[in-house]
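In: Quick one, structure for this:
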Amino acid sequence: MDEVGGRPGSVIGERGAWFWAGCAAISAGVLLHLPMLAHAHAMGNRLAGMPMDPWMYLGMALIAIGAPLACYGALPRRKPRHSNDAGTSYEAPDSTPLNRWHAGVLIVLTLGLVIDVMKPATLGFVLPGMIGEYRISPSIAALLPLIALIGTTVGSFIWGWLADVYGRRVSILLSTILFVSTSICGAMPAFEWNLVMCFLMGVSAGGMLPVVYALLAEVMPPRHRSWVLVLVGGTGLVGGYLAASAAAHLFEPVFGWRALWLQGFPTGILLLALARLIPESPRFLAEQGRHAELARMQQKYGIVPRDRAPPPPDAPVAHQRHGRLTLALAIAALSWSFVNFGLLLWLPSDLQARGYSAELASGTIASSALVALPTVMLAAWLYSRWSSKWTLVGTIALTLIGLVGALLPPELLSWEPLLLVVIAMLIMGTNGMIAVLLPYTAENYPLGTRGRATGLVAASSKFGGVAVQVFALVGLIPTLGGAALGLLVPMAASGGLVAWAGRETRGRSLRDLEA
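Out: Residues are numbered from 1 along each chain as shown. Model (predicted):
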């Protein structure tokens, strides 16, 4: 049987009915938390210290039942058999044009990334209300972003592994349903429960990014793959932050900070409703014997069976270069995370300490949002039209120039135009760097390890946030110059390693790259 229960068009596998039963149980469980929230709305949206009502206990029980049921239904009866070196056996020819099916995938996966990025981006908006309601100190409240970032780091590994073993679509859907389950974080009366749910929410949020890149790399024609990967990823990242700020502006004044967590329920359900537009990697369909679905995918996306390219004579040397590239990409991701979550996060405070106005200090964050999307568009154009490898090296170099500028003597940096140029270099460099780093990773690894490799780099890009939160908890907050000095060597090393061990992927077939 090629489809679930013989029904064509299923989006899961042999046990899809169990998956949807689990989704229904989880949805009912989340909805059963709403009566208590509605009751709290009449009391200023405060739940701290209130006992949970019977409906909330029933809802939590349904979620606890539905989550493992959804996992059981989504996973195939038998584990697909392929080695870590499994190669692409189905790929669209380079001449394949983009059609409405490709457009549908791009829209849904971009939406998935926006929803995914919204959750960690929401942390900054909920903390003030949480501190006030639970009457906790800022140092205790800082545990929330720390726990959430640990969750996203762990989730990147888990979902990347799951995507390599069981398939890309399965991983995306399970990440989404866990995301829906943890939206009840907004209904937790105790701060400790918020920590637990926020960790699980982080785990679910950490999985979408690496898996989306892996899937897009495998279904897009080589001619369009480069710019699609960068543009979808960058748009999802920027869109997630903009969506989080818009939701805080619209909902928090009326419904309180808890509503910002609950928005994960309708957005996650929307993504599940659009699941039919998310294809599976062709290799997994073939290995699971889902030939009818594979045939439809060939018709929709123009993929054709292709023999794996023979390895080149210098394959052992190339394998060693692969290991060096993994090191280079991991160091680049770590360096980026320390700049993004540390240096740029501390920048407004450092500027005020230098005597600049609060308007200029807070304006650096606004400028980041303003230049993010144009930077992503430029990175996508350079990545697809010029060079994937050298675009990544260029964004690292631009960030490095910003770090060097931050080390200029204070008397020079006191000149406002020069300071703004240095900040612009850092912001544009980091935006461009994260826009191309994960797409470049996804293109460089074979199907059997693509999810895990992209997950490793994605986890590395979040680890700096974990370390920065730990530093802040113990009071170790460096100055702009101190942070720049500490990041100078690893950032320069990552650029040199990518230039040395990296390879050009622009317009090249995945099967050729895997050889």
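In: gap between Glu416 and Val422?
Out: 11 Å (Cβ to Cβ, to the nearest Å). Placement of C-beta: from N, CA and C, glycine included.
In: What of Leu285?
Out: For Leu285 relative to Val422 (Cβ to Cβ), the value is 50 Å.
In: These two: which is more packed in?
Out: Set Leu285 next to Val422 and count neighbours by other Cβ atoms under 10 Å: Leu285 wins out with 25 against 22.
In: Can you tell me the SS state at the more buried one?
Out: Classification of Leu285 using DSSP: H, G, I helix; E, B strand; the rest coil returns helix.
In: nearest residue to it other than its sequence neighbours?
Out: Leu294 (4.2 Å; Cβ to Cβ, 6 or more residues apart in numbering).
In: can you check Leu497 too?
Out: Leu497 sits nearest to Ala328 (Cβ to Cβ, 6+ apart), 3.3 Å away.
In: Could you tell me the model confidence score at the one you found?
Out: pLDDT, Ala328: 91.
In: Any regions of the stretch 201-350 of the chain where pLDDT drops low?
Out: 307-321, 344-350 (pLDDT under 70).
In: now the helices for it?
Out: Counting by DSSP state H, counting those that start in this stretch, the stretch 201-350 of the chain has helices at residues 222-255, 258-262, 264-273, 282-287, 291-301, 315-338, 344-353.
In: so which of those gets nearest Gly465?
Out: Nearest to Gly465, of all the helices of the stretch 201-350 of the chain, is helix 315-338, at 5.9 Å by Cβ to Cβ.
In: which residues make contact with the closest one from outside it?
Out: By Cβ atoms under 8 Å, 6 or more residues apart in numbering, the surrounding residues in contact with helix 315-338 are 311-312, 392, 396, 399, 430, 433-434, 437, 440-441, 444-445, 453, 456-458, 460-465, 467-468, 483, 486-487, 490-491, 493-495, 497-498, 500-503, 515.
In: And those residues, which of them are buried?
Out: 392, 396, 399, 430, 433-434, 437, 440-441, 444-445, 453, 456-458, 460-465, 467-468, 483, 487, 491, 493-495, 497-498, 501-503 (16 or more other Cβ atoms under 10 Å).
In: taking those residues one by one, which sit in helices?
Out: In this view, the buried ones among the contacts of helix 315-338 that belong to helices under DSSP state H are 392, 396, 399, 430, 433-434, 437, 440-441, 453, 456-458, 460-465, 467-468, 483, 487, 491, 493-495, 497-498, 501.
In: Put together CSV for the helices of the stretch 201-350 of the chain, with distance to Arg100 on each row.
Out: Shown next, in CSV, are those (distance: least, Cβ to Cβ, whole Å):
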stretch, distance to Arg100
helix 222-255, 14
helix 258-262, 33
helix 264-273, 18
helix 282-287, 19
helix 291-301, 9
helix 315-338, 34
helix 344-353, 39
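In: Looking at these, spot the one closest to Lys119.
Out: Nearest to Lys119, of those and by Cβ to Cβ, is helix 264-273 at 6.5 Å.
In: which secondary structure elements does the host helix or strand of Gly124 contact?
Out: Secondary structure from DSSP states H and E places Gly124 in helix 100-134. Counting contacts by 3 or more Cβ pairs under 8 Å, 6 or more residues apart in numbering; DSSP states H and E, helix 100-134 packs against helix 138-141, helix 143-166, helix 168-181, helix 191-219, helix 222-255, helix 258-262, helix 264-273, helix 291-301.
In: Of all the ones you listed, which one comes closest to Pro93?
Out: helix 222-255 (8.2 Å).
In: Enumerate the positions of that closest one that are buried.
Out: Residues of helix 222-255 classed as buried: 222-245, 247-248, 251-252, 255 (neighbour count, 16+ other Cβ under 10 Å).
In: how big is the angle separating the helix or strand where Ala64 lies from helix 191-219?
Out: If you go by DSSP H and E, Ala64 is part of helix 54-74. Between helix 54-74 and helix 191-219, the angle comes out at 30 degrees (axes from the mean of the first three to the mean of the last three Cα atoms, to 10 degrees).
In: what's the offset of helix 54-74 from the middle of its chain?
Out: With Cα atoms, centre = their mean, to the nearest Å as the basis, helix 54-74 stands 25 Å off its chain's centre.
In: now for it, which elements pack on it?
Out: helix 16-31, helix 34-41, helix 168-181.
In: can you count the residues close to the residue nearest to Leu497?
Out: Residues lying near Ala328 (other Cβ under 10 Å) number 23.
In: ditto for Arg77
Out: 8.
In: what stretches of the stretch 1-150 of the chain score poorly on pLDDT?
Out: Ranges of the stretch 1-150 of the chain meeting pLDDT under 70: 1-13, 49, 79-88.
In: what about 50?
Out: Low-confidence segments of the stretch 1-150 of the chain (pLDDT under 50): 1-9.
In: hmm, back to that, so which of the helices of the stretch 201-350 of the chain gets nearest Ala25?
Out: Nearest of the helices of the stretch 201-350 of the chain (Cβ to Cβ): helix 264-273, 13.4 Å.
In: what's the burial count for Leu327?
Out: Neighbour number of Leu327 under other Cβ under 10 Å is 13.
In: hang on, I meant Ser175
Out: If we define neighbours as other Cβ under 10 Å, then Ser175 has 27 of them.
In: Just confirm it contacts Val212, I think it does.
Out: No. Contact criterion Cβ atoms under 8 Å: Ser175 and Val212 do not qualify, at 9.9 Å.
In: Chain neighbours aside, what residue packs nearest to Asn194?
Out: Closest to Asn194 by Cβ to Cβ, 6+ apart is Met188, at 4.9 Å.
In: What pLDDT does the model give the residue sitting furthest away from the middle of the chain?
Out: Within the chain, the residue lying farthest from the chain centre (Cα atoms, centre = their mean) is Glu411, at 39.6 Å. Looking at Glu411, its pLDDT is 75.
In: which secondary structure element contains it?
Out: helix 410-413.
In: how far out from the middle of the chain is that helix?
Out: 37 Å.
In: try stretch 139-151
Out: 18 Å.
In: buried set for that stretch?
Out: For stretch 139-151, by 16+ other Cβ under 10 Å, it's Ala141, Ala142, Leu143, Leu144, Pro145, Leu146, Ile147, Ala148, Leu149, Ile150, Gly151.
In: Stretch 95-107 too?
Out: Thr96, Leu98, Trp101, His102, Gly104, Val105, Leu106.
In: thinking Gly16 is in contact with Gly73, fair?
Out: Yes. Using Cβ under 8 Å, Gly16 is in contact with Gly73, at 6.1 Å.
In: and those two? which has more neighbours close in?
Out: Neighbours per residue (other Cβ under 10 Å) separate Gly16 from Gly73, with Gly73 holding more: 23 against 17.
In: So the more buried one versus Val211, what's the distance?
Out: Gly73 is 19 Å from Val211, by Cβ to Cβ.
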